[in-house]
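1. sequence first, then the predicted structure, then my questions.
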Amino acid sequence: MTKKSLDHVLKEYIDGIKSIYPKADYLFSNDTLFIVVPKEKLRDVTEFIHNKMDCYLRTCLGSDERPLLGHFALYHIFGDDRNGLNIVVKTYLDPKKPVAPTIMDIVPAADWCEMEARDLLGIEFEGRKQYRLVLPVGWPDNLHPLRKDVPYNIRPRPSAVGERITPPKTATATIPVGPYHPALHEPEYFELYVEGETVVDVKYRGFHVHRGIEKLGESRMNYQQVNFLAERICGICGFVHSTCYAQAVEKAAKIDVPERAKFIRSIVLEIERIHSHLLWIGVAAHLLGYDTGFMHAWRIREHIMVLAEFLTGSRKTYGINLVGGVRRDINEDKKKQAIEVLDKVEKDYMEYLKALLAVPEVKKRATETGILPKEDARKLSVVGPTARGSGLDRDVRRDVPYAAYNYVDFNVPVYDSGDNLARLLVRADEVIESIKIIRQLLDQLPKGPIMAEDFEIPENRAAVSLAEAPRGEDIHYIITGDGRPYRWKVRAPTYQNIPALKVMLKGAPLADAPLTIASIDPCFSCTDRIYVINETSARKIVRIGIGLCPG
Amino acid sequence: MSEYIKKSIWVFHLNTGSCNACDIEILDALTPYFDAERLGVKLVVSPRHADALLLTGPITYESLPKVIRAIEAVPRPRFILALGSCAVGGGIWHDTYSTIGGVPELLKILKNRGIEVDGVYYVPGCPIRPEALIYAVGILKGILQKKVKMRVRKAIA
Amino acid sequence: MSEDKPATSRSTILKALEIALKTGRVTRKYPFAEPLITDEFRGRIEIDEEKCIGCGACVLACPPNALELIEENGQRMIKYFIGRCIYCWRCIDVCPVNAIRGTRDFELATDNIDDLVDIVVHDMVKCSSCGSAFMTIRQKIYVIKKAPLTENYIDKDPKCRREKTLNALLKRRGGVMKYE
């Protein structure tokens, strides 16, 4: 994009907002336009940005800025992928009684993040149904952990009262799934409402994995320690989170990261993508009853795990990211071994994929099940393989290149059918693309340091950072503070994809439900720093424990 | 403890809010390269069939009641394998507002409620390697000996 | 669904069998044979009590607070709780005297949580004026070696040191009051 067109786009935004509120303050930094508007104008501005300018909501967050400026603040982050722009709309709220207008009727995707802000900061939203989302049942109503006057280690007495679900007596049967389900690994609770064999509705109760990560990052840790915390948001896409966090801080503080470090980050990110997708393909085979396929996928994956350990020192690629660079270098010997492993994996994988797709049951059960039409996908703004399986051509690596992705050539596989098979094929193709990317990166690996030297992180700067996790777009928003982030917000990809499950499952046979739920590759540990599905009518429930996360 | 469990150990996997890394390593331990079924480890679908619980995560408040119910459902003798740094010592979130800080805290709550556990095995790692799980099973079965021991050393000036 | 003729179950079984036969057995016989571990693996850390000066740099760097600093009865303890360690090895990066070494040790399972505690105990220096313990003896030796000039005032704790400096300044300015 040329400079001129960017100016043009910016002018369009600023003029539009000025026509709504002439006194709006704005600031442009990096790739982000920051705008301050009063809360009365928030809905109009949202309408303009979301509907007229065709942006989508990345996330929204509240922040307790009473110690700094004497008020609460609410940020809505919008994304304009065509121009690689982020638009952050800030609204000041009353310090005593923070009340904000909801934008949920304009942007349905704002549902969860508004409720998250209500739980964690006590910001009330006018004009919508409000409910407890993130915090556990039994948590005191007036205790909002992200407020700055609440210590991070406050512990109200643990209530261990079991919730017993008594299904209402109606014609529909309720099948509970979870929170502990045999095949899958995360504690999440789904209720599927079924009539006969057909699913008529779905309810979800998550947030079993809410661990207070954001608060911890804002209180006990310092900038470099948060990297290790960010990794542990998710055991599969951990490196994406730490890269995304580090990039956000680097962007806010304008730190120049050495090229070599960027390459190493990209290499590890792709290794992570391969192991995540292989894991998913294996689990999908397992859910279809094809355990041979499961075992072989994991056998191939093991080579990647060993390689990950060899390059980073941990099987889960933990522990090498820092703000400003990476901690471990890739020397010639490692490079050679990595290429050997990739060759072997590629050969085995191609053979395996051919065998897997030739299994008639796999093809039959994945085809035309769990359909997410393109229209719905766009409306729900789904991300990652879920979007690409429904014909939406979105990939942060290509659209808004970060790390070293602008040095490599790769295809973004897109399938139009929107069914489980399409999502399987997207992931299957991405493994091959990832191998291709790593080869190119290893080949071009530049010389030089792997860590930026002597940098300072100024206070009160903000930045939005994006990264393409194996499951889709990961977003970190940061406001810098004294020695640690002042506010740090994470939006994981699954957060965006879960609402799509409702579309996929409705009217489908129950037997397809496990595969369909797994097909978005849900990662609850990522997501659960937050979220919920609207309760509809009182129907019966089917619990399915699909904690498959594979990250 | 191993006199109770001479034969195959059936395990139930209980994620109490972990990041998934340990959970995937548990699954990994059952796949071709490690194949924990060699030692009789079998993942079962209900805690009522299990001898031991593979507990991962720092135990969040939201999952606590469900965890207690799952432990109650395990027939005695019942064992807990606390897997990973989160389960053993609360991990990186050992003192945050929404976790209770690992199995040692859980045991106190269980004791207050009169729920007995016949043995707890702690398996540190972040995440645990599949081999670490196999090693712990070896100790539980009595075919391996533990190697770590509490150490207090004096730095002589 | 698809126009191409679906493969039969028999042919797919044969294909899977072919892959399995070609691959052969991959299972490691751990614990009776070597684990699948590389040289780069980060395991437990080992603190060398001969070298450690008890400065607490590692404690500050440790993200999960697996390393703790406890002061009790004129002694300072560096307590390493393996059960909370995330094996990031940041402590190794920051140690000023290279007293911490990384190992590849992952066989740490135990049935007693106390086994996972590793403590290094340091004797502390007492302040020559107020008598409070404020640094370890090793730390004092280290500082004197690095900056020999400090020898004159290092036996006072930071509070007494500050008072002493301020009093000296006041005196020089002609004041007679003691700084409090």
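-> Great, that's in hand. Numbers count the residues shown, from 1 in each chain, chains lettered A, B, ... in the order given.

2. distance between the ends of stretch A:247-265?
-> Using CA to CA, to the nearest Å, the end-to-end distance of stretch A:247-265 comes out at 11 Å.

3. just the CA trace of the lengthiest helix in chain B, in PDB.
-> Determined from DSSP state H, the single longest helix within chain B is helix B:130-141. The C-alpha coordinates for helix B:130-141 follow below in PDB (Å, rounded to 0.1, in the frame of the first residue of the first chain):
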ATOM      1  CA  PRO B 130       5.400 -38.200  28.300                       C
ATOM      2  CA  GLU B 131       8.300 -40.100  29.900                       C
ATOM      3  CA  ALA B 132       7.700 -38.200  33.200                       C
ATOM      4  CA  LEU B 133       4.200 -39.700  33.300                       C
ATOM      5  CA  ILE B 134       5.500 -43.100  32.500                       C
ATOM      6  CA  TYR B 135       8.100 -42.700  35.300                       C
ATOM      7  CA  ALA B 136       5.400 -41.700  37.800                       C
ATOM      8  CA  VAL B 137       3.400 -44.700  36.800                       C
ATOM      9  CA  GLY B 138       6.500 -46.800  37.400                       C
ATOM     10  CA  ILE B 139       6.800 -45.400  40.900                       C
ATOM     11  CA  LEU B 140       3.100 -46.000  41.600                       C
ATOM     12  CA  LYS B 141       3.500 -49.600  40.500                       C
END
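
4. now the element after it, going C-ward?
-> Next along the chain after helix B:130-141, taking DSSP states H and E as the criterion, comes strand B:151-155.

5. now that next one: buried residues?
-> Buried positions in strand B:151-155, judged by neighbour count with 16 or more other CB atoms under 10 Å in any protein chain shown: B:A155. Every residue, glycine included, has its C-beta placed from N, CA and C.

6. nearest residue to C:Y142 other than its sequence neighbours?
-> Sequence neighbours aside, C:I53 is the residue nearest to C:Y142 in space, at 4.9 Å (criterion: CB to CB, 6 or more residues apart in numbering or on different chains).

7. and the stretch 301-450 of chain A, which residues reach chain B?
-> A:302, A:305, A:314-316, A:318 (CB under 8 Å from any CB of the partner chain).

8. where in the chain is pLDDT low?
-> Since you didn't name a chain, this refers to chain A. A:1-4, A:157-171, A:177-188, A:205-206, A:523-551 (pLDDT under 70).

9. nope, chain C please
-> Residues of chain C that meet the cut-off, pLDDT under 70, sit at C:1-9, C:173-180.

10. closest to the centroid, which residue in it?
-> Geometric centre of chain C, nearest residue: C:C91, 4.3 Å, by CA atoms, centre = their mean.

11. how about the contacts made by that residue?
-> Going by CB atoms under 8 Å, 6 or more residues apart in numbering or on different chains, C:C91 touches C:45, C:57-58, C:61-62, C:67, C:100.

12. repeat that for C:I154.
-> Applying CB under 8 Å, 6+ apart, we find C:I154 in contact with C:140, C:143-144.

13. of those, grab the buried ones for ChimeraX.
-> In ChimeraX, this line selects whichever of the contacts of C:I154 come out buried by 16+ other CB under 10 Å:
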select /C:140,143
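
14. for the contacts of C:I154, which one is nearest chain A?
-> C:V143 (24.4 Å; CB to the nearest CB).

15. list the contacts for that closest one?
-> Contacts of C:V143 (CB under 8 Å, 6+ apart): C:150, C:154.

16. list the buried ones in stretch A:374-384?
-> Within stretch A:374-384, the residues that count as buried by 16+ other CB under 10 Å are A:376-377, A:380-384.

17. okay if I get the residues you listed as TSV plus distance to B:L64 and secondary structure?
-> Output for these, formatted as TSV (distance: CB to CB, whole Å; DSSP: H, G, I helix; E, B strand; the rest coil):
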residue	distance to B:L64	secondary structure
A:D376	37	helix
A:A377	37	helix
A:L380	32	helix
A:S381	34	coil
A:V382	32	coil
A:V383	32	coil
A:G384	32	helix
